[in-house]
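Peer 1: Sharing a sequence plus its predicted fold:
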2 protein chains.
Amino acid sequence: MDEFSRIETFFAPLAAEAGLNLKDDAAVLAPPPGRELVFTVDQMLEAVHFFSDDDPALIARKLLRRNLSDLAAMGAVPLGYLLTTALPKRVDEAWLEAFAKGLGQDQAEFGIGLLGGDSSSACTDIALSATLIGHVAPGQALQRSGARAGDGIFVTGTIGDAVLGLEVRRGKLADPTGFLRRRSELPAPRVGLALAGIVNAAIDISDGLVQDLGHLCRAAGLQATINAQQVPASAEAAALGDAVLEQRLTGGDDYELLLAVAPENEAALRAACGAVPVTRIGSFQPGEGVVVLGADGEPMALSGAGWKHF
Amino acid sequence: MDEFSRIETFFAPLAAEAGLNLKDDAAVLAPPPGRELVFTVDQMLEAVHFFSDDDPALIARKLLRRNLSDLAAMGAVPLGYLLTTALPKRVDEAWLEAFAKGLGQDQAEFGIGLLGGDSSSACTDIALSATLIGHVAPGQALQRSGARAGDGIFVTGTIGDAVLGLEVRRGKLADPTGFLRRRSELPAPRVGLALAGIVNAAIDISDGLVQDLGHLCRAAGLQATINAQQVPASAEAAALGDAVLEQRLTGGDDYELLLAVAPENEAALRAACGAVPVTRIGSFQPGEGVVVLGADGEPMALSGAGWKHF
């Protein structure tokens, strides 16, 4: 199957109207009137971001979801995406079919369409990227830089499941329910929360809680103090106890949101998050760096500087 | 140097205003009022699209220019781009510095800025991609599908230099002036021509003249007949004679424009192209497929089906 047949068979059926059936040199999109556009791109590379024998549908969905999470961190509504695939010869039609099916599944789930792409052969490893396009009301994009002293630090969902799921996949942890593995393979980006006007700063947790909190601190010229015991754990992670606490605090790939919120907006935050759990884990103050207090109230010494690819 | 230092040192200085200094999760762009947006993405992979010891600045510039050519084929004005880099450990700071310098040079030449990106480690080969964003007046994007029977077939510039330049780089052809090699390493995308309302269909020649003309034929349900002797050759290609004719007709990577133009618009086309050479090489008629007439007026049998990556 050559490049053109692959596009025709597997990717053209996924095309949004603006994608011109992937038959032209580029996509043409009328931007939603009166909105600003938000752009982000992320890669997934074999043996860096996924294992060679991973389910292609899950690879596809995680590729989209990592990018959707970046849009969520900007408060943007997803619109569509462009895709690149670089595939070595060993990648067969069954792989492509499953990969395209995964894309289609998450296109439906998140209301996005394929706008264009580039398909190439590769020598050794599979390389994938997706450029996601979203939109926000003018001036309403959430940014990393707006935290203020006194703001509370909040996270959505539970923290540290994905890094534990990776340990499960490496055979180093048991995972009777499959929950941890699932959290590593199929993150749930927090798109669709109406956080504009409520949060002062936002980032998605991709590099690890401590490292991403460090990004918020540097962007605002502030110090963050969090209480490790307040960092929400899933039942499955909690069952593993304090032995995995440091991993949970520094491991990446959770794709939850990390938010700076003024005390007077906490109620509005909880209302805006609705059914999505949101937990206060600390606050910002003058200074620099991230301080993590342990159960004894003393700062913990964390060896993991953040997410390293496997 | 870690990922963050690389971004800070080499890529942040290239950021457009909408790129937020590459310090956020995504770029935020107010689209030009009353314009449609055009999106395209292309990859450059080591050992597929470039050689390992190629000048990183030229790799960077060709990456942008291949995409700029897709925008040119849509009649779009370039605005900005997102970049992905996947780099194995052996890629050093000197490589990155030269690569970033090449990006900066073409950003200035084409009036575009860096909006965002993703930087990753890679196991084996360098993988690069750029997503280019441009804009057009509503409904004015050129497309592949508009050719009509009777339309003339036109190309900009000269055809076949890039594939010969590749042969030069493989040591199979002499290139005393370095012109052919340069055409392969640094294409000149035909951005900025005001072709809306003048051409019925457009594509850029990336896969090879015959193959890309086939795309226009299929999109319009027409046959194309071109005269091989009318396909414009550079002085350097002409000096190599008919021995390289077939290669020139089927080799890719020229990034010239291939246009369908009604006879009554030929003068307007020439005016719009200004100093850019444009040559009539044949016409469309009812039927299907691409017919290439040789010097004897008989159809040539071409063995090369189009551009194959090296």
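Peer 2: The structure has been received and is ready for your questions.
Peer 1: from what I can see A:G282 touches A:I153, true?
Peer 2: Yes - using Cβ atoms under 8 Å, A:G282 makes contact with A:I153 at a distance of 4.4 Å. Bear in mind the C-beta positions are built from the backbone N, C-alpha and C, glycine included.
Peer 1: Please enumerate the shared neighbours of the two.
Peer 2: By Cβ atoms under 8 Å, 6 or more residues apart in numbering or on different chains, A:G282 and A:I153 have these common neighbours: A:A224, A:I226.
Peer 1: of the two, who's got more company?
Peer 2: Neighbours were counted for A:G282 and for A:I153 using other Cβ atoms under 10 Å in any protein chain shown; A:I153 has more, 25 against 22.
Peer 1: quick one: which helix or strand includes that one?
Peer 2: Using DSSP states H and E, the element containing A:I153 is strand A:152-156.
Peer 1: what's in contact with the helix or strand that that strand is followed by?
Peer 2: The helix or strand immediately downstream of strand A:152-156 is helix A:161-169, counting by DSSP H and E. For helix A:161-169, contacts defined as Cβ under 8 Å, 6+ apart pick out A:51, A:173-175, A:179-185, A:187, A:208, A:234, A:236-237, A:240, A:244, A:247-248, A:250-255, A:307, A:310.
Peer 1: 6 Å - rerun?
Peer 2: By Cβ atoms under 6 Å, 6 or more residues apart in numbering or on different chains, the residues outside helix A:161-169 that reach it are A:173, A:175, A:180-181, A:183-184, A:234, A:237, A:244, A:247, A:251, A:253-254.
Peer 1: Can you add pLDDT, distance to B:V168 and secondary structure and give those back as TSV?
Peer 2: As requested, those are exported to TSV (pLDDT from 0 to 100; distance: Cβ to Cβ, whole Å; DSSP: H, G, I helix; E, B strand; the rest coil):
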residue	pLDDT	distance to B:V168	secondary structure
A:L173	94	56	coil
A:D175	95	57	coil
A:L180	97	55	helix
A:R181	96	52	helix
A:R183	97	53	helix
A:S184	96	49	helix
A:S234	98	60	coil
A:A237	97	59	helix
A:V244	96	58	helix
A:Q247	95	54	helix
A:G251	94	50	coil
A:D253	94	46	coil
A:D254	97	51	coil
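Peer 1: Out of these, which is nearest to B:D296?
Peer 2: Nearest to B:D296, judged by Cβ to Cβ, of those is A:D253 at 64.5 Å.
Peer 1: ok, now how distant is that closest one from A:L186?
Peer 2: 11 Å (Cβ to Cβ, to the nearest Å).
Peer 1: repeat for A:D125
Peer 2: For A:D125, the distance to A:L186 - Cβ to Cβ - is 22 Å.
Peer 1: Which positions in chain A make contact with chain B?
Peer 2: Residues of chain A lying close to chain B by Cβ under 6 Å from any Cβ of the partner chain are A:24-31, A:36-43, A:45, A:47-48, A:70, A:73-74, A:82, A:84, A:86, A:115-116, A:118, A:120-125, A:127, A:129, A:131, A:141, A:143-144.
Peer 1: The strand holding A:I153 packs against which elements?
Peer 2: strand A:257-261, strand A:278-286 (3 or more Cβ pairs under 6 Å, 6 or more residues apart in numbering or on different chains; DSSP states H and E).
Peer 1: in the following helix or strand past the longest one, what counts as buried?
Peer 2: To tie it back to what came earlier, the one meant is strand A:278-286. Later in the chain than strand A:278-286, the nearest helix or strand by DSSP H and E is strand A:289-293. Across strand A:289-293, burial judged by 16 or more other Cβ atoms under 10 Å in any protein chain shown covers A:V290, A:V291, A:V292, A:L293.
Peer 1: Need the residues you listed in CSV (columns: pLDDT and distance to A:P13).
Peer 2: Compiled in CSV, these are given as follows (pLDDT from 0 to 100; distance: Cβ to Cβ, whole Å):
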residue, pLDDT, distance to A:P13
A:V290, 96, 46
A:V291, 96, 51
A:V292, 97, 48
A:L293, 97, 52
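Peer 1: Out of those, which is nearest to B:A196?
Peer 2: A:V290 (53.3 Å).
Peer 1: Please name the residues that touch A:D253.
Peer 2: Contacts of A:D253 by Cβ under 6 Å, 6+ apart are A:A162.
Peer 1: what's the distance between it and A:I153?
Peer 2: 20 Å.
Peer 1: circling back: determine which stretch of the helices and strands packed on strand A:152-156 is the most buried.
Peer 2: strand A:257-261 (a mean of 28; mean count of other Cβ atoms under 10 Å in any protein chain shown).
Peer 1: Kindly point out the strands partnered with that one and how each is oriented relative to it.
Peer 2: strand A:152-156 (antiparallel), strand A:201-204 (antiparallel) (DSSP bridges).
Peer 1: where's the helix or strand of chain A with the lowest mean pLDDT relative to the chain centroid, distance-wise?
Peer 2: Within chain A, no helix or strand scores below helix A:3-6, which has a mean of 83 by mean pLDDT, DSSP states H and E. Distance of helix A:3-6 from its chain centroid, counting by Cα atoms, centre = their mean, to the nearest Å, is 30 Å.
Peer 1: So which elements touch that helix?
Peer 2: Against helix A:3-6 (3+ Cβ pairs under 6 Å, 6+ apart) you get no helix or strand.
Peer 1: next SSE after it?
Peer 2: Heading C-terminal from helix A:3-6 (DSSP H and E), you reach strand A:27-29.
Peer 1: what's that following strand in contact with?
Peer 2: Counting by Cβ under 6 Å, 6+ apart, residues outside strand A:27-29 touching it are A:A18, A:G19, A:L115, A:G116, B:E36, B:L37, B:V38, B:F39, B:A141.
Peer 1: cool, and stretch A:228-246?
Peer 2: A:158-161, A:164, A:179-180, A:279, A:281, A:292, A:294-295, A:302.
Peer 1: and if you look at stretch A:293-307?
Peer 2: Against stretch A:293-307 from outside (Cβ under 6 Å, 6+ apart): A:D207, A:G208, A:Q211, A:N227, A:A228, A:Q229, A:E246, A:T250, A:G252, A:V291, A:V292.
Peer 1: Inside strands: which ones of these?
Peer 2: Counting by DSSP state E, the contacts of stretch A:293-307 place A:N227, A:V291, A:V292 in strands.
Peer 1: Remind me which helix or strand A:G134 belongs to.
Peer 2: A:G134 belongs to strand A:127-136, assigned by DSSP H and E.
Peer 1: export that strand as PDB, just CAs?
Peer 2: Output of strand A:127-136 as PDB, limited to C-alpha atoms (Å, rounded to 0.1, in the frame of the first residue of the first chain):
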ATOM      1  CA  ALA A 127       7.200   9.000  14.900                       C
ATOM      2  CA  LEU A 128       3.800  10.700  15.300                       C
ATOM      3  CA  SER A 129       2.700  14.200  16.000                       C
ATOM      4  CA  ALA A 130      -0.500  16.100  16.200                       C
ATOM      5  CA  THR A 131      -1.100  19.800  16.000                       C
ATOM      6  CA  LEU A 132      -4.300  20.700  17.700                       C
ATOM      7  CA  ILE A 133      -6.300  23.900  17.000                       C
ATOM      8  CA  GLY A 134      -8.800  25.300  19.500                       C
ATOM      9  CA  HIS A 135     -10.500  28.600  20.200                       C
ATOM     10  CA  VAL A 136     -11.200  30.900  23.100                       C
END
